[in-house]
Every structure is written in structure tokens, then in C-alpha cells.
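> coords below, sequence missing:
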């Protein structure tokens, strides 16, 4: 695909997908997002990082699970961010960014379906109207 390596000259593209399910012991949303040993996120990164020659491009795409319940420690205090659980996608390559966002959205939709089934099996009411909530931005610090 000729535009696969197309750089966004404005800066890095960011998308934050806010997870609509709290991390609870019975469902463990963070583990379901990440997959066994991070396999879900690794697979998306691997698929979206291929260069025009089919070889992986270093730092083509970054995906991180952040916020309450993520297990991701950050900053000088080495603590989870106090923001709502989210999946952050970041890339300076437009096509790779779009592809990764599509995969993350599909992953979330599948997990929301699993959660609805989990709630039905256990006699729970799903907490929220499970929708894709995302915020996109461009960082100009190269």
C-alpha cells in the first residue's frame, strides 16, 4: 500500500478510548484488553507496525492501557494515573494510527459483548450503556 508509511507532518496523532467498564475481580477488564501476556496489544502493534517492505518499523505505533485499574505505573511517584481507565493509541503515521484505532475499537466492542454475557450469566445489570468513547488529538512536540 503506497501510503503505508505516510507521516503526519503536524505531529503525533493520539486517540484515547475511555473504557466503559470498571475493573472488577470477576471480569478483570484490564486483563481482557491486554490479553495473555499482552498478546492483544502486541498483535495490534505488530500488525500496524509493518513497513512498506513488510518488516516492522520501530516506534511506528504505541498502545498503552492507562488509568485506574490498568496496572500501568507512571510519573515520578510511579503510580497509576487517577484518570478513567483508557487505551491510548499514538503514532506519527496516519495510516498506522487509523488501522490501530480500528483494531482497538473492535477489541473494545468484543469485550463489551463478553461483559454483557458475563452480566447475564451472573444476574448483574451492565453498569453503563456500553459505547465507544474516544478523544483524538495531535501533539505538536516532535
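Structure received. Keep in mind it's a predicted model, so treat the numbers as computed, not measured.

> what ranges do the strands span in the chain?
12-18, 62-66, 86-91, 133-139 (DSSP state E).

> Give me whichever of these is most buried.
strand 86-91 (a mean of 23; mean count of other C-beta atoms under 10 Å). The C-beta positions use only the backbone N, C-alpha and C, and glycine is treated the same way.

> what inclination does that one have with respect to strand 12-18?
160 degrees (axes from the mean of the first three to the mean of the last three C-alpha atoms, to 10 degrees).

> partners of strand 86-91 in the sheet?
Here strand 86-91 is paired, per DSSP bridges, with strand 12-18 (antiparallel), strand 62-66 (antiparallel).

> give me the beta-bridge partners of the closest residue to residue 41 other than its chain neighbours?
Closest residue in space to residue 41, ignoring its immediate chain neighbours: residue 63 at 5.1 Å, by C-beta to C-beta, 6 or more residues apart in numbering. Per DSSP bridges, the residues bridged to residue 63 are residue 89.

> quick one, what contacts residue 63?
41, 44, 45, 87, 88, 89, 90, 100, 104 (C-beta atoms under 8 Å, 6 or more residues apart in numbering).

> quick one on the thing from earlier: want to throw the strands paired with strand 86-91 into TSV with mean pLDDT and distance to residue 129?
Output for the strands paired with strand 86-91, formatted as TSV (pLDDT from 0 to 100; distance: least, C-beta to C-beta, whole Å):
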stretch	mean pLDDT	distance to residue 129
strand 12-18	94	13
strand 62-66	94	22
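
> Could you dump these into a markdown table and include distance to residue 53?
Listed next are the strands paired with strand 86-91 as a markdown table, based on distance: least, C-beta to C-beta, whole Å:
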| stretch | distance to residue 53 |
| --- | --- |
| strand 12-18 | 23 |
| strand 62-66 | 21 |
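
> And those: which comes nearest residue 72?
strand 62-66 (5.2 Å; C-beta to C-beta).

> any idea how far the residue nearest in space to the middle of the chain lies from residue 31?
Most central in the chain under C-alpha atoms, centre = their mean is residue 87, positioned 3.4 Å from the mean C-alpha point. Using C-beta to C-beta, to the nearest Å, one gets 13 Å for the distance from residue 87 to residue 31.

> likewise residue 55?
31 Å.
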